[in-house]
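A.B. asks: no FASTA, just this:
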């Protein structure tokens, strides 16, 4: 009733004191942790940092969360060419989301040939950032007989896809089988992560997967028709939020893996199409800010993004990149150099531009 009275006042949304009072009233109504996330994500709630932190930890206390447990897993999948971008993204993640990363387990999956080098670099980075980073040898979690389709479809200018793009599927299945974490977040390497990622982990959905819907365009429409997917129901695989405790998750991951192995299944966008086939009707849309797409020919307003995703080519580390937003990426590469050393940072950068 009190909240209703506040909402009847003209322009209450513009009055900071009324917004704060309404939020306090709503918070007082909560008797379990499963309503607090609704307040946290309410656009008209008091958005002060103090409130955000209070509600987050209150939610954890009400749920009886174990402070020693790593409830969340955040992981990247990479190869020689993208290892530089992966470590740059991790630097941005940790520097801008300290509380989240202190409460999350970080993983980097890479092929066995590169695993020793990745462990060496991640050890340096872990020591400086004071956040453990575990390297997963992808060869140990993917069946040896597995073959990946690397050639893109007709819309990508002849570029090929690295096997590492498929690792995100197998790592999700691996983490689900371990039952160590409640949720897992996969993030593409060609990203810079700004503050506010913790809000994603406050979201609860009945779906086993959350992902951003693709913007309709001819190639996406072609993939939808090819795989008999719902209209406007095709998602981007650059950021994937898995509910590891969902009973349906592993069934849908297995459907995804079967689509990869099926020679009759022509995947226009490889791993992304496989995921859309596997999770048909079993995913929920993710807010665009958590996979904020920017392209070389249009930088956009990055202040709207939490995960800034550099889609298409050239990438921001490529000297041919035309947009001024590449300065954001180079800023974190410079910070990476401060953590692992200039020589390693330059070697990583050269490998990125050879790939």
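C.D. replies: That came in fine, so what should we check first? Quick caveat: nothing in here was measured; it's all calculated off a predicted structure.
A.B. asks: quick one: pLDDT of residue 61?
C.D. replies: pLDDT for residue 61: 77.
A.B. asks: and it, what element?
C.D. replies: Element membership for residue 61, per DSSP states H and E: helix 49-63.
A.B. asks: what is the subsequent helix or strand relative to that helix?
C.D. replies: By DSSP H and E, the next helix or strand past helix 49-63 is strand 72-78.
A.B. asks: now do that following strand, average pLDDT.
C.D. replies: Mean predicted confidence for strand 72-78 is 97.
A.B. asks: show me what the next helix or strand after it is packed up against.
C.D. replies: Next along the chain after strand 72-78, taking DSSP H and E as the criterion, comes helix 83-96. On a contact count with 3 or more C-beta pairs under 8 Å, 6 or more residues apart in numbering; DSSP states H and E, helix 83-96 meets strand 72-78, strand 104-110, helix 115-129, strand 191-193, helix 326-340, helix 342-354. (Glycine included, C-beta is placed from N, CA and C.)
A.B. asks: hmm, 6 Å instead?
C.D. replies: Under the contact criterion of 3 or more C-beta pairs under 6 Å, 6 or more residues apart in numbering; DSSP states H and E, helix 83-96 touches strand 191-193, helix 326-340, helix 342-354.
A.B. asks: in that helix, what counts as buried?
C.D. replies: For helix 83-96, a neighbour-count test (16 or more other C-beta atoms under 10 Å) marks 83-94, 96 as buried.
A.B. asks: next one: stretch 178-197
C.D. replies: Applying 16+ other C-beta under 10 Å to stretch 178-197 flags 181-194, 196-197 as buried.
A.B. asks: same deal with stretch 324-341?
C.D. replies: Neighbour-count burial for stretch 324-341 [16+ other C-beta under 10 Å]: 325-326, 328-329, 332-333, 335-337, 339-340.
A.B. asks: on that earlier part again, quick one: closest of the helices and strands packed on helix 83-96 to residue 132.
C.D. replies: Closest approach to residue 132 among those is made by helix 326-340 (14.4 Å; C-beta to C-beta).
A.B. asks: shaky segments in the stretch 1-150 of the chain?
C.D. replies: For the stretch 1-150 of the chain, the stretches with pLDDT under 70 are 30-35, 37, 49, 52, 56, 60, 63-69, 150.
A.B. asks: how about a cut-off of 50?
C.D. replies: 33-34 (pLDDT under 50).
A.B. asks: for residue 105, see how far away the closest residue to residue 180 other than its chain neighbours is.
C.D. replies: Of all residues not flanking residue 180 in the chain, residue 70 sits nearest, at 7.0 Å (C-beta to C-beta, 6 or more residues apart in numbering). Distance, residue 70 to residue 105, using C-beta to C-beta, to the nearest Å: 4 Å.
A.B. asks: of those two, who's got more company?
C.D. replies: In this view residue 70 and residue 105 are compared by other C-beta atoms under 10 Å, and residue 105 has more residues nearby, 20 against 16.
A.B. asks: quickly list what the more buried one is bridged to.
C.D. replies: Beta-bridge partners for residue 105, by DSSP bridges, are residue 73.
A.B. asks: looking just at contacts, which helices and strands does the longest strand that the chain contains meet?
C.D. replies: Longest strand in the chain by number of residues (criterion: DSSP state E): strand 235-243. Applying 3+ C-beta pairs under 6 Å, 6+ apart, we find strand 235-243 packed against strand 183-187, strand 209-213.
A.B. asks: so can I have TSV of the ones you listed showing distance to residue 271?
C.D. replies: Output for these, formatted as TSV (distance: least, C-beta to C-beta, whole Å):
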stretch	distance to residue 271
strand 183-187	11
strand 209-213	12
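A.B. asks: let me have those strands in a markdown table, extended by mean pLDDT.
C.D. replies: What follows is the helices and strands packed on strand 235-243, written out as a markdown table (pLDDT from 0 to 100):
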| stretch | mean pLDDT |
| --- | --- |
| strand 183-187 | 97 |
| strand 209-213 | 98 |
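A.B. asks: for residue 251, find the nearest of those.
C.D. replies: strand 209-213 (11.8 Å).
A.B. asks: partner strands of that closest one, with direction?
C.D. replies: Assessed with DSSP bridges, strand 209-213 is paired to strand 235-243 (antiparallel), strand 283-285 (parallel).
A.B. asks: following the last one, which helix or strand comes up?
C.D. replies: Going down the chain from strand 283-285, the next helix or strand is strand 292-294, by DSSP H and E.
A.B. asks: which is the succeeding secondary structure element to that next one?
C.D. replies: Following strand 292-294 in sequence, per DSSP H and E, is strand 307-310.
A.B. asks: quick one: secondary structure of the nearest residue to residue 51 once chain neighbours are set aside?
C.D. replies: Spatially, and ignoring its direct neighbours in sequence, residue 51 is nearest to residue 23 (6.4 Å; C-beta to C-beta, 6+ apart). Here residue 23 is recorded as helix under DSSP: H, G, I helix; E, B strand; the rest coil.
A.B. asks: again with residue 205
C.D. replies: Residue 205 is classified as coil under three-state DSSP.
A.B. asks: dump the residue contacts of it.
C.D. replies: Residues counted as contacts of residue 205 (C-beta atoms under 6 Å, 6 or more residues apart in numbering) are residue 284.
A.B. asks: related to what we said a few turns ago, and which of the buried residues of helix 83-96 is nearest to residue 350?
C.D. replies: The nearest member of those to residue 350, counting by C-beta to C-beta, is residue 84 at 8.7 Å.
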